[in-house]
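1. Using only what follows, build the 3D model:
(chains A, B, C and D)
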There are 2 protein chains.
Amino acid sequence: MAVNAAPDQIEPRAPKYYLVKRHLLELIESLEPGALVPTERELTVTLATSRTTVRQALGELVGEGRLVRRQGSGTYVAEPKMTWPLQMTSFTEQAAANGFVASAQLLSAERARATGEAAARLRLPPGAYVYRIERLRLADETPMAVETSHLSVARFPGLIKAVRRASSLYRVLAESYGIKPVSAEETIETRAAPPREAALLGTDTGSPMLVLGRHSFEADGTPVEWVRSWYRGDRYTFVAKLTV
Amino acid sequence: MAVNAAPDQIEPRAPKYYLVKRHLLELIESLEPGALVPTERELTVTLATSRTTVRQALGELVGEGRLVRRQGSGTYVAEPKMTWPLQMTSFTEQAAANGFVASAQLLSAERARATGEAAARLRLPPGAYVYRIERLRLADETPMAVETSHLSVARFPGLIKAVRRASSLYRVLAESYGIKPVSAEETIETRAAPPREAALLGTDTGSPMLVLGRHSFEADGTPVEWVRSWYRGDRYTFVAKLTV
DNA sequence: CTCCCTAAATGGACTAGACGAATTTACATA
DNA sequence: TATGTAAATTCGTCTAGTCCATTTAGGGAG
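-> This is a model prediction of the structure:
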């Protein structure tokens, strides 16, 4: 297979929608956040193109957090993205570090048999029971992420009742079970928003999301929990601090 | 805290393309990587929908690394994604840790006035000169990322000549200038691929990318370089190891 | 003036089709 | 048999439109 055939003079022709996108980007940069941009139908006329093409350009700019669309109202210049640190602390502490008040809405909490991935991550035998706790994370009342935690039932008996009373899962683990994760592996990838997550986070199905997987461990290497969180890609930039 | 504050039975109706996507996902899971999936026009018929809708579903699956499209040939089940660790080491070392041989192709190297962002990041006065070095990063001959580094001209005189001879920028900094970054802030966000980056990485304009920004510092806090790297979102999952 | 209802405007989803570009296949020819 | 060329196939891009859902603005009733 001929990979890497000297990509020297690569200067591809841009698709038409990309020219529209660049035009809009210039417009955006000349405006303030909150400003209204022309309607899709106006843009089709002034840019001599189809609405599909205009929507493709607008869609990418929305996905990159530069524009916000509001059905029935219009398309607006977005506020700048928020940065969100990746640290070995709880969501509650991370929010506080950013000056927000964190809260959570319990969406569902159930006892279920572990899927293959959850069982492997938690180092459980196939078919073992896990708690599957789904929460909507809020910072200052704004939905931030949809978070699904998986924990071993055998290891944390009665966890669901404790979680219903507390906001911080980490605090429950520490106070009720005496367990404190000390390391974690955090994975990051891009995904398109499923309908449910999109609705919960107030965005559209298919919009780009950042999916964080957190796999946390005790000091002796025992896995504690495995969490998958969906964040809106148009709202957040993640920041990791690294040292040698 | 509002636990269980009636999430309003959010169970949105899925768009039609999403049903198509789920149908394809089942199909994908029943096949091996490399297998051919039905053509777009076949799917249009069997799923009783338009090609646009089929393509929207296929497009998301391609963006998530589940499918690969090849113009003129067909659409295939993709190989699993690769994980890429975020560490305070050079690309060269990261690649070696993953069992790859890293290399780089110099795309451009120029002396230019710093943009507002670059000047701020490198703590330079407005209008100061920076080197802008653009490289295509390869792992085992496969293009992995397009990387644009910014470094102060005043601080690293003659850098371009040194870089032309070496593959590792970090080694040049250490050996020729005696500087070794000891900490870095790495930002991660999602963006749509611009035509140039898409072509260099062998993907389509507009496909989802992970954009890493690396801002590295010396022990005394002086910024050393500011780098922006474009990775294909359909190929890589980033992993950060965190400790308390 | 206040309130409610309707109409207009806007983005959201989808369709059917045209043409182009890249690849693969089939076939004619040497 | 080997090779070059044309045709068919496949994905890539774009168009022009339909219909729906939501929001906003305006007008009428009280």
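
2. alpha carbons only for contacts and neighbour counts from here, please
-> Fine.

3. Any regions of chain A where pLDDT drops low?
-> Across chain A, residues meeting the criterion (pLDDT under 70) sit at A:1-12, A:88-89, A:167, A:244.

4. Show me where it has its helices.
-> A:16-29, A:40-46, A:51-63, A:91-97, A:116-121, A:159-165, A:169-177, A:195-201 (DSSP state H).

5. Is residue A:232 bridged to anything, and to what?
-> Beta-bridge pairing for residue A:232 (DSSP bridges): residue A:209.

6. So what's the residue count around it?
-> 28 (other C-alpha atoms under 10 Å in any protein chain shown).

7. okay, now residue A:222: neighbour count?
-> Neighbours around residue A:222, by other C-alpha under 10 Å: 12.

8. likewise residue A:161?
-> For residue A:161, the neighbour count with other C-alpha under 10 Å is 10.

9. can you check residue A:47 too?
-> 12.

10. so what's the backbone phi/psi at it?
-> Dihedral pair for residue A:47: phi -100, psi 0, per degrees, to the nearest 10.

11. For it, which residues are in contact?
-> residue A:20 (C-alpha atoms under 8 Å, 6 or more residues apart in numbering or on different chains).

12. picking that back up, what's the closest of the helices of chain A to DNA strand D?
-> helix A:16-29 (3.0 Å; C-alpha to the nearest atom of the strand).

13. which parts of the closest one are buried?
-> Residues of helix A:16-29 classed as buried under the neighbour-count rule (16 or more other C-alpha atoms under 10 Å in any protein chain shown) are A:17, A:18, A:20, A:21, A:24, A:25, A:28.

14. Can you tell me which helices and strands that helix packs against?
-> When contacts are defined as 3 or more C-alpha pairs under 8 Å, 6 or more residues apart in numbering or on different chains; DSSP states H and E, helix A:16-29 packs onto helix A:51-63.

15. What residues sit buried inside the helix it packs on?
-> For helix A:51-63, the neighbour count (16+ other C-alpha under 10 Å) marks A:53, A:54, A:55, A:56, A:57, A:58, A:59, A:60, A:61, A:62, A:63 as buried.

16. quick one, it and helix A:16-29 angle?
-> 50 degrees (axes from the mean of the first three to the mean of the last three C-alpha atoms, to 10 degrees).

17. what's next to helix A:51-63, contact-wise?
-> With C-alpha under 8 Å, 6+ apart, helix A:51-63 has contacts from A:16-18, A:20-21, A:25, A:40-41, A:43-44, A:67-69, A:207-208, A:233-234, B:191-192, B:206.

18. Hmm, residue A:204 and residue A:198 touching each other?
-> Yes. The criterion here is C-alpha atoms under 8 Å, and residue A:198 meets it with residue A:204 at 5.4 Å.

19. of those two, who's got more company?
-> Comparing residue A:198 with residue A:204 by other C-alpha under 10 Å, the one with more neighbours is residue A:198, at 22 against 18.

20. In contact with the more buried one, which residues?
-> Contact analysis of residue A:198 by C-alpha under 8 Å, 6+ apart lists A:204, A:205, A:206, A:207.

21. now with 10 Å?
-> Neighbouring residues of residue A:198 by C-alpha atoms under 10 Å, 6 or more residues apart in numbering or on different chains: A:146, A:192, A:204, A:205, A:206, A:207, A:208, A:209, A:230, A:231, A:232, B:12.

22. Among those, which one sits closest to DNA strand D?
-> DNA strand D lies nearest to residue B:12 out of these, by C-alpha to the nearest atom of the strand, at 9.5 Å.

23. near DNA strand D, which residues of chain A?
-> A:15-17, A:48-53, A:70-73 (C-alpha under 7 Å from any atom of the strand).
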